[in-house]
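# okay, here's the prediction I keep looking at, along with the sequence it came from:
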Amino acid sequence: MVTEAALMRFAEDFGTPLYVFDTRELSPRVRRISDALPSGTCLCYAVKANTFVLGALAGLVTRLEVCSPGEQRICRALGVPEAQLVVSGVSKDPAALGEALSARELPAAVTVESTSQLGLVRSLAAERGRRAPVLLRLSSGNQFGLDRADLLRAARDLADDPCLELRGVQFFSGTQKGSARRLRRELAGLDALMLELGLACGRPLPELEYGPGLPVAYFDGGAVDEGELLAALSEGIEGLSCRAHVTLELGRSLVAGCGTYLTRVTDTKTVAGQRYAIVDGGMHQIVYYGQSLAMRRPPVRLLGGPCGEGDGERDLGTRNVPGHAPGDAPAWNVCGSLCTVNDILAKQLPLPGLAEGSLLAFGRAGAYCATEGMSLFLSRDLPRVVLVGADGTPELVRAGVRTDPLNTPCPDRS
Ligand SMILES: Cc1ncc(COP(=O)(O)O)c(C=O)c1O
């Protein structure tokens, strides 16, 4: 765990806003999840959650799920073996898919999310004389994946396909799922589907790739009983009649805990009786699932101030703040630097000692914050990214990136 002193030093040395991803957190995190699952259960990391920790994480998991040509290029640039990739995505790019199917080693699997995607994968594999391993993605009732009836039809259609090897099913029905009962129900439903597909194809299908959407507790009152969820997953997997080999696709729950987002207070003021602290970051760089207009309290702490001193672990976000008495520390509305009234990171947060120049550390910022924000708004620079290595040494892995060139019209005069 990066200490408060180290975070303050990184902010000095690299500037703010800054993401700090502590790679030392990853191996124990993977172990904790793996140890709770039946032996032989594999993990697949959904790259979209955080591409910066890929180098440290790729060797700890069996597979990496990529959903865009950009994610494929990042994996290639980092030397990730093609055979480790699951090429996924609701909209598949023929060129990127073609490249994946041309590589010396085929990807671990290509997911199929529609009837026309099936045709696309088949024709690209046929052109290359390859037999592509395919997972049919079952929809949970939205634009992702195949309708169940179409999936069954596709499976029958694939029974003896020379260009496509049907490996099994992929299913992901959403993130931040905190109900053990729901996980059990989903696994039971998938088991029934796998058995039905086995009958339709005349052979059992060997693979089930399931995204359980394990939750992360971001806000007060949002405690998660991860042990119970993992036990439910474990039981569900043990109880599968289809005997398929299971891979769990995980993003948020693997990497959220390794990240801290640092942002500095650039201004303070009182308007209509409300105290505002303006920070140099904003909502485009800190993405907590369910955070909207700071209606809930994020895991944030003031570094180096009275409430941070000697208490690097304390989370203001998990304290019972609403009942705080008059005369307590003044409450602040922490706002980012975007031109929108929505850019509120925390509301009415008691932050004793906060002043211009204070440093705020937002915890559990390792998932989606660096990859999901509305980064182009206001043409603000993208934050630098620091990876903390095994010996605690910080390494700058992304310099601050200017986004104004991306928002500058550049007529094509060719
Ligand atoms: C297909 C698929 N698998 C896995 C994940 C990872 O989900 P989570 O971050 O909730 O673990 C996602 C996230 O969007 C996804 O779309």
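Looks like it arrived, so ask away. Note that the structure is a prediction, hence the values are computed from the model and not measured.
# could you use CA atoms for every contact and neighbour count after this?
Noted.
# what residues are up against the nearest residue to residue 53 once chain neighbours are set aside?
The shortest distance from residue 53 to any non-neighbouring residue, by CA to CA, 6 or more residues apart in numbering, is to residue 23 (6.8 Å). The neighbours of residue 23, taking CA atoms under 8 Å, 6 or more residues apart in numbering as the test, are 53, 56, 258, 387-390.
# can you check the pLDDT for residue 23?
In this prediction, residue 23 carries a pLDDT score of 97.
# dump the residue contacts of the residue nearest the centre of the chain.
Nearest residue to the geometric centre of the chain (CA atoms, centre = their mean): residue 49, 2.3 Å. By CA under 8 Å, 6+ apart, residue 49 lies in contact with 251-252, 255, 366-368, 371.
# among those, which lie within helices?
Counting by DSSP state H, the contacts of residue 49 place 252, 255, 371 in helices.
# between those, which has the most around it?
Highest neighbour count within those: residue 255, with 27 neighbours (other CA atoms under 10 Å).
# mind listing what that one touches?
Contacts of residue 255 (CA under 8 Å, 6+ apart): 26, 49-50, 366-367.
# 6 Å - rerun?
By CA atoms under 6 Å, 6 or more residues apart in numbering, the contact set of residue 255 is 366-367.
# show the model's pLDDT score for it.
pLDDT, residue 255: 98.
# low-confidence bits of the stretch 151-300 of the chain, can you list those?
Residue ranges of the stretch 151-300 of the chain with pLDDT under 70: 293.
# and the strands in it, which stretches?
164-172, 207-211, 245-250, 259-271, 274-279, 300-303 (DSSP state E, counting those that start in this stretch).
# those: which one's closest to the ligand?
Nearest to the ligand, of all these, is strand 245-250, at 3.7 Å by CA to the nearest ligand atom.
# packing partners for the closest one?
Using 3 or more CA pairs under 6 Å, 6 or more residues apart in numbering; DSSP states H and E, the elements in contact with strand 245-250 are strand 42-46, strand 207-211.
# would you turn those into a markdown table with distance to the ligand and mean neighbour count?
Compiled in a markdown table, the helices and strands packed on strand 245-250 are given as follows (distance: least, CA to the nearest ligand atom, whole Å; neighbours: other CA atoms under 10 Å):
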| stretch | distance to the ligand | mean neighbour count |
| --- | --- | --- |
| strand 42-46 | 5 | 23 |
| strand 207-211 | 5 | 22 |
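# with adjacent residues omitted, what lies nearest to residue 198?
Using CA to CA, 6+ apart, the closest residue to residue 198 is residue 204 (4.3 Å).
# now swap in residue 331 and tell me
That would be residue 350: by CA to CA, 6+ apart, it lies 3.9 Å from residue 331.
# for the one you found, give me its contacts.
Contacts of residue 350 by CA under 6 Å, 6+ apart are 329-331.
# could you tell me which residues of the protein lie near the ligand?
46, 172, 175-176, 211, 213-214, 249-253 (CA under 6 Å from any ligand atom).
# next up, the contacts around residue 361.
Residue 361 neighbours (CA under 6 Å, 6+ apart): 261-262, 300-301.
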